[in-house]
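Chemist: just to be clear, the model below is a prediction. Sequence and coordinates:
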Amino acid sequence: MDTHVLIVGGGPTGLMLANQLGRRGIRAMIVDKGPGPAQQTRAMGVQARTLEIYSKLGIADRALELGRRGNGANLWAEGRRKARIPLGEIGKSFSPFPYVLLLGQDDNERILGEHLRQWGMAVQWNTELVLLEQTSDRVTATLKAKDGTTRKLEAAYLAGCDGGHSTVRELCGIGFPGAPYEHVFFVADTEATGPMVPDELNVYLWRKGFHLFFPMRGSDRWRVIGILPKRLRHRDDLTFDEVVPAVRREAGAELNFKQCSWFSTYRIHHRSAERFRNRRCFLLGDAAHVHSPAGGQGMNTGLQDAYNLAWKLALVVSGKADAALLDTYEAERIPVAQRLLETTDRAFALLVSDSWFAGLFRTQIVARIAAFAMTLERVRRLAFRSISQIGIRYRKSPLSRTLAGLPEGAPAAGDRFPWLLLRLRTNGPIEDIFQKMDDLRYNLIVIGQPAPPKIAPGLGDLLGTHAVPEDADNTRELARVRISGPAFYLLRPDGHVGLAGTRLQPHDIARYLAESHIRIGGM
Ligand SMILES: Cc1cc2nc3c(=O)[nH]c(=O)nc-3n(C[C@H](O)[C@H](O)[C@H](O)COP(=O)(O)OP(=O)(O)OC[C@H]3O[C@@H](n4cnc5c(N)ncnc54)[C@H](O)[C@@H]3O)c2cc1C
């Protein structure tokens, strides 16, 4: 076998998977048919959940240094600012990163690509997957170099991170049902001045569509995204200058474009692969799902596909778990993709519908509803949880088990365990629980009861235990997320709750891990 995992595609999804496997000591190779890293910014928004994952990987500081924090989103209609969604304020008790980081996809790819060196890996550019064959114990991939020569490579598993036109998906015979939207998008990186609120997302809703202004690095630099007016949709030779009048008409005459460094138009699709796995091959990122960029979720969802699959692949490849663990990848991620498609579809339909009523609704009602809704605590929380992706959960997963007795509203199995600031030693300092959790292993959090000395012997260093001592500050902080009385939470390496209960019995942990395909004796 040449490698444990062959990753096809060096975009954000493939790079994340390669990093996650590398830091878990798994041999992986990453190839891409392109000549080098992408030069286009494409995705702009890095969501809080992605930053939490970046933090575990050790690249959050670099991303924060290069990006701009978008603390809020402003909704404009008919030349007036109608509402502001204060993301930073809403999210500050939910995540150490309560904002959308505005950082181009090219920068994200550069940071992830540079980090690969830590594990002795680098993307092999100009290397295209053209064929694959699978047997019961391996995948044989045929790779084509730029000069047309081919070579065969054997891997235990293959990860298709090769984008919307995925060769892996095609070679595996997996359908990609869905359809293109009739609208054509444009994207422009500009230098502009105008009424936009600096450093925040500005959304201009108008009768026939919308424009989004994302602040970029540098002064007066804005990424503008919108849909083309109908009369320009079929033009191949379009320039940004021809789009400017339509943008100014809606965003106001004060808007002044000084320069445009990149302009592109594109048609988007909404599609989801029928399966995310065919025997030893997996689909992740755009290869598995594509949807409208409304909401800035695309790149982030691919990164989280990779985070979900990486720890499972690592345990299986290193002999610490049975291959059945890999079945849970698509069981968990297909529902996430489907929900995403539905919500972005709905949001997109509202944003782009050409009908007179939709236009009126968009400009007169949406902003007012948003302004009112943002005064309601529940809606504010829901908005942050959805946009930031911290609300993604796997409650119906075969890996999720909630035992009886937990209070209503407490975190349950499948949820991302909430971000808490706790005292983890009596009279010790208050600590960030996310910093304490090691995402290379399972973490057991024991609350309101002593932690048993021996839990699941034979598990070796695959389990870390954190006992939360009785303390007034701890009680207050736990009550905020509705945890009261004795409780325990067994977190999977990706920070989602696997098993949750009240009184901890070591055999519950052992049974859960065995049922989750972890080989307890074999480590
Ligand atoms: C113009 C534009 C604007 C966008 N704006 C946003 C946005 O604002 N927010 C957002 O979240 N998303 C946005 N997206 C979507 C976002 O860019 C994608 O979700 C993201 O790139 C998906 O990453 P990926 O790694 O899964 O796939 P990709 O980035 O497509 O990477 C796939 C890689 O696989 C390689 N490859 C393909 N076939 C093969 C093969 N046979 N062998 C070897 N290599 C292969 C390709 O060269 C490519 O490098 C935008 C997309 C476009 C096009």
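Modeler: Perfect, I can see it now.

Chemist: in a helix, residue 148, correct?
Modeler: No - assessed with DSSP: H, G, I helix; E, B strand; the rest coil, residue 148 is coil; it does not lie in a helix.

Chemist: what mean pLDDT does the helix or strand hosting residue 474 get?
Modeler: Counting by DSSP states H and E, the element that carries residue 474 is helix 472-480. Mean pLDDT, computed over helix 472-480, is 95.

Chemist: and for stretch 195-207?
Modeler: Here the average pLDDT along stretch 195-207 is 87.

Chemist: please export the C-alpha coordinates of it as CSV.
Modeler: Extracted in CSV, the C-alpha atoms of stretch 195-207 (Å, rounded to 0.1, in the frame of the first residue of the first chain):
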residue,chain,number,x,y,z
PRO,A,195,-22.7,54.5,2.7
MET,A,196,-21.6,51.0,3.7
VAL,A,197,-21.0,50.5,7.4
PRO,A,198,-17.2,49.8,7.6
ASP,A,199,-16.0,46.4,8.7
GLU,A,200,-19.4,44.9,8.6
LEU,A,201,-21.5,43.0,6.1
ASN,A,202,-23.9,45.2,4.2
VAL,A,203,-26.8,43.6,2.4
TYR,A,204,-28.8,45.7,-0.1
LEU,A,205,-32.2,44.4,-0.8
TRP,A,206,-34.0,45.7,-3.9
ARG,A,207,-37.1,44.9,-5.9
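
Chemist: quick one: pLDDT of residue 151?
Modeler: 98.

Chemist: oh, that last question was meant for residue 361, not what I typed.
Modeler: At residue 361 the predicted local distance difference test score is 64.

Chemist: residue 364 too?
Modeler: 64.

Chemist: repeat that for the one 10 residues further on.
Modeler: pLDDT, residue 374: 69.

Chemist: measure residue 324 to residue 199 for me?
Modeler: 48 Å (CB to CB, to the nearest Å). Glycine gets a C-beta too; all of them are placed from N, C-alpha and C.

Chemist: doesn't residue 339 lie inside a helix?
Modeler: Yes - assessed with three-state DSSP, residue 339 lies in a helix.

Chemist: going forward, begin numbering at 60 instead of 1
Modeler: Sure, I'll start counting at 60 from here, so that last one is residue 398.

Chemist: neighbours of it, how many?
Modeler: Other residues within reach of residue 398, judged by other CB atoms under 10 Å, total 12.

Chemist: how close does it get to the ligand?
Modeler: Separation of residue 398 from the ligand (CB to the nearest ligand atom, to the nearest Å): 16 Å.

Chemist: same check, this time on residue 330
Modeler: Distance of residue 330 to the ligand, given as CB to the nearest ligand atom: 12 Å.

Chemist: and what of residue 277?
Modeler: With CB to the nearest ligand atom as the criterion, residue 277 and the ligand are 18 Å apart.

Chemist: pLDDT at the nearest residue to that residue once chain neighbours are set aside, what is it?
Modeler: In space, residue 277 comes closest to residue 250 once its chain neighbours are excluded; the distance is 8.0 Å by CB to CB, 6 or more residues apart in numbering. Residue 250 carries a pLDDT value of 96.

Chemist: list the contacts of residue 250.
Modeler: 277, 279-281, 316-320 (CB atoms under 8 Å, 6 or more residues apart in numbering).

Chemist: for those residues, which two are the farthest from each other?
Modeler: Maximum pairwise distance among those (CB to CB): 14.8 Å, between 277 and 316.

Chemist: who's more crowded, the two?
Modeler: Between residue 277 and residue 316, counted using other CB under 10 Å, residue 316 has the larger neighbour count: 20 against 9.
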